[in-house]
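1. A structural model of the following input is requested.
(2 chains)
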Amino acid sequence: MNDRSTQMSDVRAMLVESATRLFGDQVDAKMLDAAKRDGWSPALWKIVEDAQLPLVSIAEEAGGAGGSLSDLAAVLRIAGRYGAPIPLAETALAGWMLASSGLKIPAGPLTLAPVHGEKITARKNGARWNLSGTMQRVPFARIAGHLVVLAAGPDGDIVACVDAAHCKITPGRNLASEPRDDIVLDNVAVATGLVAPAADGVNHFTLRERGALMRALAMAGALERALELAVRYATERSQFGRKIGQFQAIQQELARFAGEVAAAVAAALSAAGAVERAQNATFAVASAKIRTAQAAQEGALIAHQVHGAIGVTDEYALHHTTLRLWAWREEFGNEAAWAIELGRAMCAAGADRLWPALTSD
Amino acid sequence: MFDQVDFSALELPASARALQREVREFLCAEFAALDFKPRLGHTEFHAEFTRRVAARGWIGMTWPTRYGGQERSYLDRFVVTEEMLAVGAPCAAHWFADRQTGPSLLRYGTEEQKQRYLPAITRGECFFALGMSEPNSGSDLASVKTRAERVPNGWRVTGQKVWTSWAHKAHAFFVLCRTAPDAGNRHDGLSQLIVELDAPGVTVRPIRFMNGHHHFNEVFLDNVFVPDARVVGEVGQGWKQVTSELALERSGPERYMTTFPLFTELMRRLGSTPDTRAAEAIGKLAARMWSLRRMSIAIAITLDPGPDSEHGTPKATVDLATEAALVKDMGTFYEREIIDAARLLATVEPTPEASDTFERYLAETIVCAPVATIRGGTTQVLRSLIARKLLGPLK
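-> The predicted structure is shown next:
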């Protein structure tokens, strides 16, 4: 590994710069407040879609924008940092399911389903497929044009691109008021051209794994934002005749917070690299989701503590970030769920495999 | 933080993997050959083991070949170091020279000093200790009182150093002392001298650790003559020299791995079908270790000066001091998380005499646990440093 390989490629650097500018310019308090009511920002979606960001990491031959999973990871971290109220990760994941199964990616926001492993049945019926089942808390379902559904067909899992208009959707939301909707598919008809056998590597387990990775990346970005806000506040707010950042008690907390943020960023981006190389990915993704969720726990509370009472109001920006952290840490498996799974797998492999597993990437 | 690092591309190349296998085989064979059983808490001093490591070219391995080094990458050194720590290898004899003294000499030393010490260090024949802390200078290192007075052809040094690990077995140590009185800027007027421990006027006395072990010492310097040729770098620039290379020192795997063998033994004890509580604890420990390692590797690689470097010392243009402090802060707490998980899952009454390896490791690590967050910069000092970087100057 030489110096070059650890520093960002020029293409990545440009992507990061343009995504930072895009989200930084567009996402403001007004947009985030409106999204609390509307569930998302169609205006932001339009700009992000025009910039082809949801198609990053999908091959150009498959209708994507090219680039690697690490490129997408860099974008999702930035989107998480600004709390971009759009189904960017969901569209990217749904696009990956479609593209890897040889299906066309429709325009507009997409989401993937199910996200809790529910069984959806698919039956062939002449020139159509019929899908049935119920799914809980599907992200952004009510604003997505299509749901990309992983269902059990007669000869194995299939991927189907389902028109959202044909689904019975009951709106719900997470702590940050992002749509998390329950869905009933009651013999929904899907044309055969929109259905394909699920590609190798597209299954309930990898959906959860990739979902967890997406949330880990978003949390890493959101934690960076929360730290920025806390640091800025500590340099502006005075009490007892001093800036509160001059008190060692506050400094110690901010330093601890910075550690959590650094660990979250390192873990989330490293896991993206592991998935990209398809190398020890479960270990890496589990570790990343565990570590970012732990950082979210510590970091969000320190951010609020430093801010005092102003931080818990809906007029101050911090809550857009902390509410998302508290929501995202639970989605696609929280730190306990992943830790139990990881711990069981490691113990089954045995003590002598611990060190090799930790050092395999 | 870590703005210049591309974590997703961080991957061990084939050459590092080969080295990893080589070190694992070496350790397995040498532990058997030397009939060595690790102790945890304080890295042990084992001159014969150090000579065998040296014979493989793994001491000073990043240094130029003309000084006995191998011109290997920082990542290679990282791999060797973490393998040693993973099994509790006894590295104390070469530890400080490999990590600190050697790189300092490479950057600041004279050609004569390099020739005299570096090849001997890489052969495992010359051991160094560090003379920094004093009875009244702990975290506030710039307040050291040991002073050197100018005499013809050198200096006369008088003072007292404490917590000098393995000074009773080392050949020489770096002494941070005052060569000019404090005239306002307390960081000026400090210098680094090499004092050989058999010099007249040097007295080494043990300071016993709370479990009775002897690795700490106090070293008395009574009018010790140090020739000009043993001044490291510039007279008066000691503070800058001491603080300029803390990033590698603070971010290495020794900051989160000293209790790692206990983790392995804990898993052995839990067996292949742990209950939910144990599985969760193991999963969390693994996740945190993995994350720390990624950060530590990132720092090692980013500081690597590359093959064209003159010195084999960390790249001076990259400032990772804050990131390194974060790794030490989190790493040293992580070491305790292993101890606590082991303690709470196993519920044994610890005794140093335990015949069971897990139980003995547990007893050893509990007693040594307070040290990690004190040495190399206390948690509180590190956090102040990190906060200053985050907040900038506040008025």
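
2. next one: the helix or strand containing B:E82 to chain centre, how far?
-> Using DSSP states H and E, B:E82 sits in helix B:74-86. Helix B:74-86 has its C-alpha centroid displaced from the chain centroid by 12 Å (CA atoms, centre = their mean, to the nearest Å).

3. Am I right that A:V159 sits in a strand?
-> Yes: the assignment for A:V159 is a strand, going by DSSP: H, G, I helix; E, B strand; the rest coil.

4. Which residue, other than its chain neighbours, is closest to it?
-> Spatial nearest neighbour of A:V159, chain neighbours left out: A:S101 (4.3 Å); criterion: CB to CB, 6 or more residues apart in numbering or on different chains. For the C-beta atoms, the positions are set from N, CA and C on the backbone; glycine is no exception.

5. Restrict the helix or strand of chain B with the lowest mean pLDDT to CA atoms and write it as PDB.
-> The weakest-scoring helix or strand in chain B, judged by mean pLDDT, DSSP states H and E, is helix B:246-251 (a mean of 83). Only the C-alpha atoms of helix B:246-251 are listed here, as PDB (Å, rounded to 0.1, in the frame of the first residue of the first chain):
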ATOM      1  CA  LEU B 246       4.400  12.100  18.900                       C
ATOM      2  CA  ALA B 247       2.000  11.100  16.100                       C
ATOM      3  CA  LEU B 248       3.400   7.600  15.600                       C
ATOM      4  CA  GLU B 249       4.100   7.100  19.300                       C
ATOM      5  CA  ARG B 250       0.500   7.900  20.200                       C
ATOM      6  CA  SER B 251      -1.300   6.100  17.500                       C
END
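
6. Tell me if that helix is near chain A.
-> No: in terms of CB under 8 Å from any CB of the partner chain, no part of helix B:246-251 sits within range of chain A; the closest distance is 11.1 Å.

7. what does the helix holding B:E82 rub up against?
-> Residues outside helix B:74-86 that contact it (CB atoms under 8 Å, 6 or more residues apart in numbering or on different chains) are A:1, A:355, A:359, B:12-13, B:15-16, B:19-20, B:23-24, B:27, B:53, B:58, B:61-62, B:89, B:91, B:248, B:252-254, B:257-258, B:260-261, B:264, B:293, B:296-297, B:300-301, B:303-304, B:314.

8. ok, now stretch A:42-50?
-> A:22, A:26-27, A:31, A:54, A:84-88, A:107-109, A:143.

9. go again using 7 Å as the cut-off
-> Outside stretch A:42-50, the residues that touch it by CB atoms under 7 Å, 6 or more residues apart in numbering or on different chains are A:L22, A:Q26, A:V27, A:M31, A:P54, A:A84, A:P85, A:I86, A:L88, A:P109.

10. Show me how far that stretch is from its chain's centre.
-> With CA atoms, centre = their mean, you get 18 Å for stretch A:42-50.

11. what do you get for stretch B:63-74?
-> The answer for stretch B:63-74 is 19 Å, by CA atoms, centre = their mean.

12. filter the contacts of helix B:74-86 to the buried ones?
-> Listed as buried from the contacts of helix B:74-86 are A:1, A:355, A:359, B:12, B:16, B:19-20, B:23-24, B:27, B:53, B:58, B:61-62, B:89, B:91, B:248, B:252-254, B:257-258, B:260-261, B:264, B:293, B:296-297, B:300-301, B:303-304, B:314; burial here means 16 or more other CB atoms under 10 Å in any protein chain shown.

13. hey, what's A:A189 bridged with?
-> For A:A189, the beta-bridge partners are A:N130 (DSSP bridges).

14. could you measure it against chain B, distance?
-> Applying CB to the nearest CB, to the nearest Å, the value for A:A189 to chain B is 41 Å.

15. is the longest helix anywhere in chain A anywhere near chain B?
-> Secondary structure of chain A per DSSP state H: the longest helix is helix A:204-236. Yes: Helix A:204-236 is in contact with chain B by CB under 7 Å from any CB of the partner chain, via A:V231, A:A234, A:T235.

16. So which residues of the stretch 51-200 of chain A form helices?
-> Ranges of helices in the stretch 51-200 of chain A, per DSSP state H, counting those that start in this stretch, are A:69-82, A:88-100.

17. With the stretch 201-350 of chain B instead?
-> Ranges of helices in the stretch 201-350 of chain B, per DSSP H, counting those that start in this stretch, are B:238-243, B:246-251, B:260-270, B:276-303, B:321-346.

18. Ok, which of the ones you listed comes nearest A:G273?
-> helix B:276-303 (9.5 Å; CB to CB).

19. low-scoring stretches of chain A, by residue?
-> A:1-7, A:279-280 (pLDDT under 70).

20. Go again with 50.
-> Within chain A, the segments meeting pLDDT under 50 span A:1-5.

21. Flag every residue of the stretch 51-200 of chain B that's near chain A.
-> So the stretch 51-200 of chain B meets chain A at B:L75, B:A86 (CB under 7 Å from any CB).

22. any weak-confidence spans in the stretch 51-200 of chain B?
-> Ranges of the stretch 51-200 of chain B meeting pLDDT under 50: none found.

23. Can you report how many residues lie near the residue in it positioned nearest to chain A?
-> Closest residue of the stretch 51-200 of chain B to chain A, CB to the nearest CB: B:A86 (5.0 Å). Counted by other CB atoms under 10 Å in any protein chain shown, the residues lying close to B:A86 total 22.

24. in the stretch 251-361 of chain A, which spans are helices?
-> In the stretch 251-361 of chain A, the helices defined using DSSP H, counting those that start in this stretch lie at A:281-307, A:318-328, A:335-349, A:354-358.

25. Columns distance to B:G233 on top of these, output as a markdown table?
-> Listed next are the helices of the stretch 251-361 of chain A as a markdown table, based on distance: least, CB to CB, whole Å:
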| stretch | distance to B:G233 |
| --- | --- |
| helix A:281-307 | 40 |
| helix A:318-328 | 47 |
| helix A:335-349 | 47 |
| helix A:354-358 | 38 |
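
26. For these, could you give me CSV that also reports distance to chain B?
-> Shown next, in CSV, are the helices of the stretch 251-361 of chain A (distance: least, CB to the nearest CB, whole Å):
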stretch, distance to chain B
helix A:281-307, 4
helix A:318-328, 17
helix A:335-349, 3
helix A:354-358, 5
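
27. how about those, which one is nearest B:A142?
-> helix A:281-307 (30.0 Å).

28. Looks to me like B:L12 is in a helix.
-> No: checked against three-state DSSP, B:L12 lies outside a helix; its state is coil.

29. Mind pulling up the pLDDT for it?
-> On pLDDT, B:L12 comes in at 92.

30. that older thread, list the contacts of the residue nearest to A:V159.
-> A:V159, A:A196, A:P197, A:A198, A:A199, A:V202.

31. Map the structural domains onto the sequence of chain A.
-> A:1-86, A:109-200, A:204-358 (automatic domain parsing).

32. and the residue in the stretch 101-250 of chain B that chain A sits nearest to, what does it touch?
-> Per CB to the nearest CB, B:R250 is where the stretch 101-250 of chain B lies closest to chain A, at 12.5 Å. Contact analysis of B:R250 by CB under 7 Å, 6+ apart lists B:A324, B:A325, B:V327, B:K328, B:G376, B:G377.
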